[in-house]
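1. using only what follows, build the 3D model:
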Amino acid sequence: MRDDKQPSAGTGNDLDDMVASSDTGARKPHGVPGKLLVSIAAVWSLFQLWIASPLPYIVGFGVFSATEARSIHLAFALFLAFMAYPALKRSPRDRIPLQDWAFAAIAAFCGAYLFIFYSDLAQRPGRPITQDIVIGILGIVMLLEATRRALGPPLTIVAAIFIGYSLFGPYMPGILAHRGVSLGGLINHQWLGTQGVFGIALGVSTSFVFLFVLFGALLDKAGAGNYFIKVAFSMLGHLKGGPAKAAVVASGMTGLISGSSIANTVTTGTFTIPMMKRVGFSSEKAGAVEVSSSVNGQIMPPVMGAAAFLMVEYVGIPYVEVIKHAFLPAIISYIALIYIVHLEALKANMKGLPSSNPARPLLNKVIGFLTGLLLLMGLSVAVYYGLGWLKPVLGEATPWVVSVGLVIIYVGLLKISANYPELEMDDPTSKIITLPQTRPTVMVGLHYILPVVVLVWCLMVERLSPGLSAFWATMFMIFIMVTQRPIIAIFRGRSKMAADVKEGFVDLWDGLVTGARNMIGIGIATATAGIIVGAVSQTGVGLVLADVVEILSGGNLMMILLLTALLSLILGMGLPTTANYIVVSALMAPVIVMLGQQNGLIVPLIAVHLFVFYFGIMADVTPPVGLASFAAAAISGGDPLRTGFQAFYYSLRTAALPFLFIFNTDLLLIDVTVMQGVVVFIVATIAMLIFAAGTQGFMLTRNRWYESVLLLLVAFTLFRPGFWMDQIHDPYESVPPAQLAEALGRVDDGSSLRVQIAGEDAFGAPMSTYLLVPVPSGETGEERLENLGIELYVDGDQTLVDFVQFGSPAAELGFDFDQEITQVLAPVNRWTKEWMWLPALALFGLVVLMQRRRRRQEPDDTMAKA
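-> Below is the predicted model of the structure:
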């Protein structure tokens, strides 16, 4: 066994500083300033709980408008940023310099300006006075400095560039030039309205994100983080390369409640990376596995690094729909990473860690797993339909009855937990590692799942807003934190009620403080990213980017997507997940939508936003800026750049997924039935495992080069069978534009036509684009055309739009007067694309047979060489 290089004490301190500087602030002052810092953080958490609760409306006090709440939210974030984050590396950590007190006060006042002078500003909309402009300039300067301290230079520089671009538009070269904006216009747009700093992004941070981050912090403080790690290791640690598989699962579970890839890396990596090295992973590969799994936590519903809530606003679909569309790619990505780890273990003939679970035959294990799965499914059905039956019977009393039932279940789970020893964090550097037994480990923390159940129930069944759902889940989490210790102590017969309750309140206070400090960077990031969004809406720079991509790509659809992916990767470098998504969605998503439609690619908006989001977060992995890779290397003792490149290699599956679901939206569960969704999940999982085997060069044995090519071909066919079916039979037939009504009459209800139109854009420039036209109801084609809200005029070879009814489906699609319809494509009946799975699976079977034969021969070859 190799002599593992363990991190030194200094490295441990560096890790703490790295996490603190990126998430909570590295400054920990003593005495009164320290108490003031944590007190203000706790007050911020309490304020957010107050505005999310129904209490303000019940008591008629403390009701804030959306703009007022955003202003107070930013004031807290700015004040704490200057208090918690030192200006420079050499700045003191144990005290707050006088100038930072001044900066914090000025920044907080500027942030709260909209709240303090709300009524005055409402009297002069769009007409800022000198005081407004001075405060706006100070506010933007303070915000940029807070961003530099909390998030580093990248976002600060990008925001400053966009401010400069707004002011100096007339002096920009070529296609970058625009008419420019005045200083007063800039401040009015960016600081005094809701188009810039106080826009949608900060609103989502105020309404939703804070509560989910606070919920995650409380859950972690209660012990759930350690519980997730222990459960993963108890179930998977004994398998081949088991610690790496456990690291993937633990990071995925932590990613459910974490909005930070670097915090996820350090939290789980401190324990998992030394374990991986122990069973034979190199320092770089151990770090890369942790980085890949931790960064993937940012694409994992329900939080997705807070991007899920922003997508609700930017895409305009319910939160439940966002989660549904994002779920399948995230799950199959994690399954594939576990398989990649398994292949690495097979290549190196690794072993697992010694298991302390009693030996059981495979059949008993399978029966036990299926029994547990069936019990969980039965419980889910009973809860869903049971409460569905109770609601009409109990009426308004249902919440109270359900709450009592939830408390009874909670106490029952604590009774079970009391029968098992408490979980303690092991030392991963210890020479003797004994994996915990699965049953006691799982049983001791089952009550941690209840707040998650409450959250999912409120979101999915009650269909409450994300903010209100997180509020009720957080309140139940607070109840658990205060009561779990005294109740378990009573069941164990060693109760010290006062001490146990006090310890619970201490944990609660720490959770409130940690949640707020975790939010400083996110609050600052959403505000600063709002500057970029505001500049895009004020200057039209998005159209400039579209022109640049169109020129570089030459109109080639695949090149458009590749360039957009590359630009999203570059724009995401050094940005936290939330700001990352805001920037790439504001700048790059419109590029795909605009150029895609012009070149025949018409996909739902959620697919476009997930595309740019996936490539934005890949910047957390990719050298030279991948902070998660540096954190993992600090733990493993490996080279940061090699760790980053290895992590990127492991993350190829994540980079491939966006291209696949852009062209096959079935992977996002868009317009599929439940049974179709199940089939898509199974086939997509198989395809992703085959893709992993192809890219890793190993399946049953080491791949020959042509076997890897065949495996990638099989994976592509399973993911996108429509590509090959399109080569065999065109999915559309061309219809003369003058026969649009006849085409509408021939196609089935629920289908769509693809219509190409030519005209002028909003700036008078020539434009050609495709529209996906759903077939409206109607008995005849003429009636359907009328219900569409459009009238046509045929002039020789031209078919022109003569009239578009206001508010009609045609108007919403983008039809306008005097546009020319240049092409109509109607769907045709053909074989279903899934038939292409059969030859792909046959080809896969051939590769399996070749590898099985070669694997049987390998021992003989080894003996012959010996």
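
2. so where do the strands sit in the stretch 451-600 of the chain?
-> Along the stretch 451-600 of the chain, no stretch is classed among the strands by DSSP state E, counting those that start in this stretch.

3. and if you look at the chain?
-> 732-735, 752-760, 766-774, 790-795, 798-804, 820-827 (DSSP state E).

4. which residues of the stretch 151-300 of the chain score low on pLDDT?
-> Scanning the stretch 151-300 of the chain with the threshold set as pLDDT under 70 gives 255-260.

5. and the residue lying closest to V279 once chain neighbours are set aside, how many neighbours?
-> Closest residue to V279 apart from its sequence neighbours, by Cβ to Cβ, 6 or more residues apart in numbering: M350 at 5.1 Å. C-beta: built from backbone N, CA, C; applies to glycine. Using other Cβ atoms under 10 Å, the number of residues around M350 comes to 20.

6. so what's M350 up against?
-> 240-241, 279-281, 344 (Cβ atoms under 8 Å, 6 or more residues apart in numbering).

7. so which of the residues you listed is the most crowded?
-> Using other Cβ under 10 Å as the neighbour criterion, G241 leads those with 28 neighbours.

8. out of the strands of the chain, which gets nearest to G530?
-> strand 766-774 (29.3 Å; Cβ to Cβ).

9. the closest residue in space to G694 that isn't next to it in sequence: what's it in contact with?
-> Residue nearest to G694 in three dimensions, not counting chain neighbours: L711, with 3.5 Å by Cβ to Cβ, 6+ apart. Neighbour list for L711: 690-691, 693-694, 699, 703, 844, 847 [criterion: Cβ under 8 Å, 6+ apart].

10. and with 7 Å instead?
-> Residues near L711 by Cβ atoms under 7 Å, 6 or more residues apart in numbering: 690, 693-694, 847.

11. then V794?
-> A738.

12. ok, 10 Å please
-> 736-739, 800, 802, 821 (Cβ atoms under 10 Å, 6 or more residues apart in numbering).

13. go through those and single out the one with the most neighbours.
-> In terms of neighbours by other Cβ under 10 Å, these top out with I821 at 23 neighbours.

14. that residue contacts D797, doesn't it?
-> No: counting by Cβ atoms under 10 Å, D797 is not a contact partner of I821; they are 11.5 Å apart.

15. could you report the neighbour count for I331?
-> 18.

16. so, low pLDDT: which residues of the stretch 501-650 of the chain?
-> Checking the stretch 501-650 of the chain against pLDDT under 70 turns up 624-625.

17. now do the helices in it.
-> Ranges of helices in the stretch 501-650 of the chain, per DSSP state H, counting those that start in this stretch, are 541-553, 557-571, 577-587, 589-598, 605-617, 627-636, 640-650.

18. try the stretch 101-250 of the chain
-> Going by DSSP H, counting those that start in this stretch, the stretch 101-250 of the chain shows helices at 113-116, 118-123, 130-151, 153-167, 183-190, 200-204, 210-221, 224-236, 242-255.

19. point out the most buried one among the ones you listed.
-> For the helices of the stretch 101-250 of the chain, the largest average neighbour count (mean count of other Cβ atoms under 10 Å) is found in helix 242-255, namely a mean of 28.

20. helix 210-221 and that one, what's the angle between them?
-> 140 degrees (axes from the mean of the first three to the mean of the last three Cα atoms, to 10 degrees).

21. for helix 242-255, packing partners?
-> helix 210-221, helix 224-236, helix 261-278, helix 283-296, helix 319-348 (3 or more Cβ pairs under 10 Å, 6 or more residues apart in numbering; DSSP states H and E).

22. quick one: residues contacting the nearest residue to F645 once chain neighbours are set aside.
-> Leaving out its chain neighbours, the residue that sits closest to F645 by Cβ to Cβ, 6+ apart is P623, at 6.2 Å. Contact analysis of P623 by Cβ under 10 Å, 6+ apart lists 573, 629-630, 640-645, 647-648.

23. that older thread, quick one: closest of the strands of the chain to A107.
-> Closest among the strands of the chain, using Cβ to Cβ: strand 766-774, at 44.3 Å.

24. quick one: average pLDDT of that closest one?
-> The average pLDDT within strand 766-774 is 86.

25. go on, stretch 461-470?
-> Per-residue scores along stretch 461-470 average to 81.

26. stretch 854-863 now?
-> 65.

27. residue contacts, the residue lying closest to R720 once chain neighbours are set aside?
-> Leaving aside its chain neighbours, R720 sits nearest to N664 (4.8 Å; criterion: Cβ to Cβ, 6+ apart). By Cβ under 10 Å, 6+ apart, the residues touching N664 are 603, 607, 670, 680, 684, 719-723, 833.

28. could I get those residues in JSON lines, plus columns for neighbour count and distance to L406?
-> Output for these, formatted as JSON lines (neighbours: other Cβ atoms under 10 Å; distance: Cβ to Cβ, whole Å):
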{"residue": "V603", "neighbour count": "20", "distance to L406": "41"}
{"residue": "A607", "neighbour count": "20", "distance to L406": "37"}
{"residue": "I670", "neighbour count": "16", "distance to L406": "34"}
{"residue": "V680", "neighbour count": "19", "distance to L406": "34"}
{"residue": "A684", "neighbour count": "24", "distance to L406": "35"}
{"residue": "F719", "neighbour count": "27", "distance to L406": "41"}
{"residue": "R720", "neighbour count": "22", "distance to L406": "45"}
{"residue": "P721", "neighbour count": "22", "distance to L406": "45"}
{"residue": "G722", "neighbour count": "17", "distance to L406": "46"}
{"residue": "F723", "neighbour count": "14", "distance to L406": "49"}
{"residue": "K833", "neighbour count": "19", "distance to L406": "46"}
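
29. next step: these restricted to helices.
-> Among the contacts of N664, the ones falling in helices (DSSP state H) are 607, 680, 684, 719, 721-723.

30. Throw these into CSV and include distance to G126, thanks.
-> Formatted as CSV, those follow (distance: Cβ to Cβ, whole Å):
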residue, distance to G126
A607, 37
V680, 50
A684, 50
F719, 50
P721, 54
G722, 50
F723, 51
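
31. so D748 sits right up against N829, yeah?
-> Yes: under the criterion of Cβ under 10 Å, D748 makes contact with N829 at 9.2 Å.
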